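J.: Have a look; sequence and predicted model below, questions after that.
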Amino acid sequence: MSLRYMSRVGARAAQAVRESTSRSVKEKAQSASSSASMARGRAAGSLDSGRVNAAAAARRKAEEEKRRRAEQALRTVMFLSVWGPNTS
């Protein structure tokens with residue numbers, strides 16, 4: 001067998017492995033996504049809408065507070081890096 005033939009066979013085998021791997025990853029992702037959406041649907045269905053809305057609002061408020069604190073920390077670092085003591 002020639003080297004060219006062997007390289008083509010190897011390339012095809014590698015491509016087949018990549019395709020099967022990507023297919024299985026996509027299928028797992030879709031499966032996980034559908035399972036998660038079904039679980040969310042069951043959870044939302046078991047709670048009344050007022051509790052769901054209150055929980056979502058509390059989560060958004062906590063995320064906003066976390067974002068605000070991170071932004072303030074970045075401002076502090078930037079301020080100190082520009083106006084802090086000159087060590088040189």
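T.: Thanks, I have it.
J.: how about the strands in the chain?
T.: With DSSP state E, there are no strands along the chain.
J.: Quick check: can you list the domain ranges of it?
T.: As given by automatic domain parsing, the domain ranges for the chain are 1-46, 49-83.
J.: And residue 84, its phi and psi?
T.: Residue 84 adopts backbone torsions of phi -70, psi 180, taken as degrees, to the nearest 10.
J.: Run a quick neighbour tally on residue 53.
T.: Using other CB atoms under 10 Å, residue 53 has 11 neighbouring residues. Glycine gets a C-beta too; all of them are placed from N, C-alpha and C.
J.: quick one on the thing from earlier: ok, of the domains of the chain, where does mean pLDDT dip lowest?
T.: Mean pLDDT per stretch puts domain 1-46 lowest among those, at a mean of 67.
J.: How many residues are close by residue 34?
T.: Residues near residue 34, counting by other CB under 10 Å: 10.
J.: nope, residue 59 is what I meant
T.: 10.
J.: what does the one 4 residues further on give?
T.: For residue 63, the neighbour count with other CB under 10 Å is 10.
J.: same deal with residue 52?
T.: Residue 52 has 14 nearby residues by other CB under 10 Å.
J.: ranges for the helices of this structure?
T.: Secondary structure of the chain by DSSP state H: the helices cover 3-46, 49-83.
J.: mind listing what's buried in the shortest one?
T.: Neighbour counts over helix 49-83 (16 or more other CB atoms under 10 Å) mark no residue as buried.
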